[in-house]
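Colleague: Predicted coordinates and the sequence they were generated for:
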2 protein chains.
Amino acid sequence: MTESARFHGTELLWKLSDQGRSVTRPALTVPRIAAAGITLADAAGMASVSMQQVAGMLDVTKMALYRHVTNKAELVAVMIEIAVGEPPDLSTVPGGWRPKLTEWARLMRETWQRHPWLPAATVGERAMGPREIGWTESAVAALEGTGLTGAQRMDAVFLVSGHIRNTRSASTAGTQPWSPDKRLRSQIAAHGDLFPALVAATEDTIDATPDSSWEFGLARIFDGLELLITGR
Amino acid sequence: MTESARFHGTELLWKLSDQGRSVTRPALTVPRIAAAGITLADAAGMASVSMQQVAGMLDVTKMALYRHVTNKAELVAVMIEIAVGEPPDLSTVPGGWRPKLTEWARLMRETWQRHPWLPAATVGERAMGPREIGWTESAVAALEGTGLTGAQRMDAVFLVSGHIRNTRSASTAGTQPWSPDKRLRSQIAAHGDLFPALVAATEDTIDATPDSSWEFGLARIFDGLELLITGR
DNA sequence: ACACCCAAGTGTCCGGCAGACACTGATGTG
DNA sequence: CACATCAGTGTCTGCCGGACACTTGGGTGT
C-alpha cells in the first residue's frame, strides 16, 4: 500500500492519518498523564496546568483523563509524588545531624529547583504520598540521637523545609521590597524619607546573589538548632 | 410630591424604591469595595473573592466595580494595603533588637491571624503598597546598630517574616505529615515499618499546640541571629 | 429653557476553567 | 454470535475575569 497509491494521494494521506492515530499513539496511563502535567508545569507554571491543556499534550479529550484520575487534585497529587522522586538515604552522609540535614536541604532545594511549581503545589490540606512522607522521614531520622524531643525534631524539620519553600521561588515566597525588582526599588528610593532604614540597607544589596538569603537563613537556623542541641 | 400620591400607591412605591436606590445606598468607592472584599475573604477565604461576589455584597453589578479598579489584581492590592494596617512604631519598645523584633513578629502574626487570607495573597510578583513596605521598614530599622550589613539585615527580616508565613495558615504552610490530621497520622502508623523515625517522633506530639512550631522556630532563628550579632 | 456632556452603573458577550453524564466503538470471553 | 467491559468522546452546566457598547440622570454653558 505504500507506492501503489502514488496517484491517489488523498487516500494514502487519510490512511496515514488513521494509522498515526490508532497505531503509533501509546495507551493513556496515569504515569503518562502525570508526565504530561509535569512537563507543562515545568515549562509554564502550575497556573497553566488544566485538564484540557494536559489532555491537549496527549492529543486526547480532557474527559478521557477522567477515566484515569478522579479529579484534578488527584492528578496534581500524582504529579507531586512523581516529581519529588525517591527520598534520599542520609545514613551514608558522614558526620552528625548538621551535615546530614545540610545535604538533605541541598537535595530538596535541587528538586524544587528542577520543578519550580512544587512549592506552590505542596501547600494546603491535601493527601501526601509515600515518597513525599519519606523525605520528611529522612530528615527526622537525621535528628535522632540529638536529645531533641519528638516534637522538637518535627518542628526543626518543619523550620528547615519552610525555609526552603520561602527561598525557593518568587511564586511562593512572600514578596519582598528588595530583590532584583528595579521598579520597586526605585519606588523606595523615591520615597526615601519614608523608609530610611530600607534605603540604608538596600545600598549594599545590589550585588546580592539570589542564593545569599538561602544560605544566610539556613546558617542561622542550624546555628540556633545547634545551640539547643549542645545545650549551650 | 410626597403626600399627594397617597392613593396611587404604585407610584409612591416606585418612587420609594427609586429613592431607596438612589438615596440610602452610599456611593460606590474604592474603600467600600475593598472593605467588601476583605469581609468576604475573612469569612470564606480568598478563593471566594470574585468580582461578582464582591459586587453582590454591594448590591451592584460586577462591571460597576471596574469603574473604580482596573482589574482584580488591583482590588486585591488595595485589600492587602488596607488589611495590613499601619506599620508599628517599634522605637517605643524597650530593649535591643530582639525584644523589638519579637514584638514586630507578634504584631504581624496577629494581623495575619485576623486576616487569614493575607499570607496567600501576599505572594508572587506584585505591587506593594506604602504601608506594606512600612512593615518591612520597621523590622529593618530594629536591626540598625547590630553591626549586620544591609544585606544581612534584609535577609534576617526575610527569614523572620518567612517563618510567620509558614506557621500562619494551613493554606500557605507546606503540608506536614503530622499536625492534628488524624487520617494522615494513622496512615503513617499503618506503614510504620517505612517511617520508623516519624512514628517515634509523632508519639509525643499528640498534645502539641498549634503555636509550638511558631515559638520553636522563632526562638531558633533569634538564637542564630544573636550568635551572629554578638560575634561570639 | 434647552442642548449637551459625562460619569456611574449596566447588559451582553467571550474564552477558559472543572466536572457531570450519557454516548460510542473496540476488544476479549462465554 | 452475544454480551459485558472499558477507553475515549461530546455536550452541558455553572463558575471565573474581563472587553465593550450601552443607558441614565444630574449638572453646566449658552
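Modeller: Nice, I can see it.
Colleague: State the number of residues packed around A:Ala219.
Modeller: Neighbour count of A:Ala219, defined by other Cβ atoms under 10 Å in any protein chain shown: 15. Placement of C-beta: from N, CA and C, glycine included.
Colleague: ditto for A:Ala121
Modeller: 19.
Colleague: Please apply the same query to A:Ala142.
Modeller: Counted by other Cβ under 10 Å, the residues lying close to A:Ala142 total 26.
Colleague: again with A:Thr167
Modeller: 25.
Colleague: who are the neighbours in contact with it?
Modeller: The contact partners of A:Thr167, taken as Cβ atoms under 8 Å, 6 or more residues apart in numbering or on different chains, are A:Arg109, A:Ala173, A:Ser213, A:Trp214, A:Gly217, B:Gly162.
Colleague: Quick check: it vs A:Val140, distance?
Modeller: Noted for A:Thr167: a distance of 21 Å to A:Val140, by Cβ to Cβ, to the nearest Å.
Colleague: hang on, the earlier thing: just put the contacts of A:Thr167 in TSV and tack on neighbour count.
Modeller: As requested, the contacts of A:Thr167 are exported to TSV (neighbours: other Cβ atoms under 10 Å in any protein chain shown):
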residue	neighbour count
A:Arg109	19
A:Ala173	20
A:Ser213	25
A:Trp214	18
A:Gly217	26
B:Gly162	22
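Colleague: Closest one to DNA strand C out of these, please.
Modeller: Nearest to DNA strand C among the contacts of A:Thr167, counting by Cβ to the nearest atom of the strand, is A:Ala173 at 24.2 Å.
Colleague: Tell me the pLDDT of the closest one.
Modeller: We note a pLDDT of 60 for A:Ala173 in this prediction.
Colleague: try the one 5 residues further on
Modeller: Confidence per residue is given as pLDDT, and for A:Trp178 that number is 60.
Colleague: ok, back up a step: have a look at the contacts of A:Thr167 and tell me the least confident one.
Modeller: Within the set of the contacts of A:Thr167, pLDDT is lowest for A:Ala173 (60).
Colleague: Report the contact partners of the residue nearest the centre of chain A.
Modeller: The residue lying closest to the centre of chain A (Cα atoms, centre = their mean) is A:Leu118, at 2.4 Å. Applying Cβ under 8 Å, 6+ apart to A:Leu118 gives the contacts A:Ile80, A:Ala83, A:Val84, A:Thr111, A:Trp112.
Colleague: A:Trp214: what secondary structure?
Modeller: Recorded secondary structure, A:Trp214: helix (DSSP: H, G, I helix; E, B strand; the rest coil).
Colleague: With adjacent residues omitted, what lies nearest to it?
Modeller: Nearest residue to A:Trp214 in three dimensions, chain neighbours excluded: A:Thr167, at 4.3 Å (Cβ to Cβ, 6 or more residues apart in numbering or on different chains).
Colleague: May I have the host helix or strand of that neighbour as PDB, with CA atoms only?
Modeller: Using DSSP states H and E, A:Thr167 sits in helix A:150-168. Extracted C-alpha coordinates of helix A:150-168, given in PDB (Å, rounded to 0.1, in the frame of the first residue of the first chain):
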ATOM      1  CA  GLY A 150       9.900  14.100  69.100                       C
ATOM      2  CA  ALA A 151       8.000  17.400  68.800                       C
ATOM      3  CA  GLN A 152      11.200  19.300  68.600                       C
ATOM      4  CA  ARG A 153      12.600  17.100  65.800                       C
ATOM      5  CA  MET A 154       9.400  17.700  63.900                       C
ATOM      6  CA  ASP A 155       9.500  21.400  64.500                       C
ATOM      7  CA  ALA A 156      13.100  21.600  63.400                       C
ATOM      8  CA  VAL A 157      12.400  19.800  60.100                       C
ATOM      9  CA  PHE A 158       9.400  22.000  59.600                       C
ATOM     10  CA  LEU A 159      11.500  25.000  60.100                       C
ATOM     11  CA  VAL A 160      14.100  24.000  57.600                       C
ATOM     12  CA  SER A 161      11.700  22.900  54.900                       C
ATOM     13  CA  GLY A 162       9.700  26.100  55.400                       C
ATOM     14  CA  HIS A 163      12.900  28.000  54.700                       C
ATOM     15  CA  ILE A 164      13.400  26.100  51.600                       C
ATOM     16  CA  ARG A 165       9.900  26.900  50.500                       C
ATOM     17  CA  ASN A 166      10.300  30.500  51.300                       C
ATOM     18  CA  THR A 167      13.600  31.000  49.400                       C
ATOM     19  CA  ARG A 168      12.700  28.700  46.600                       C
END
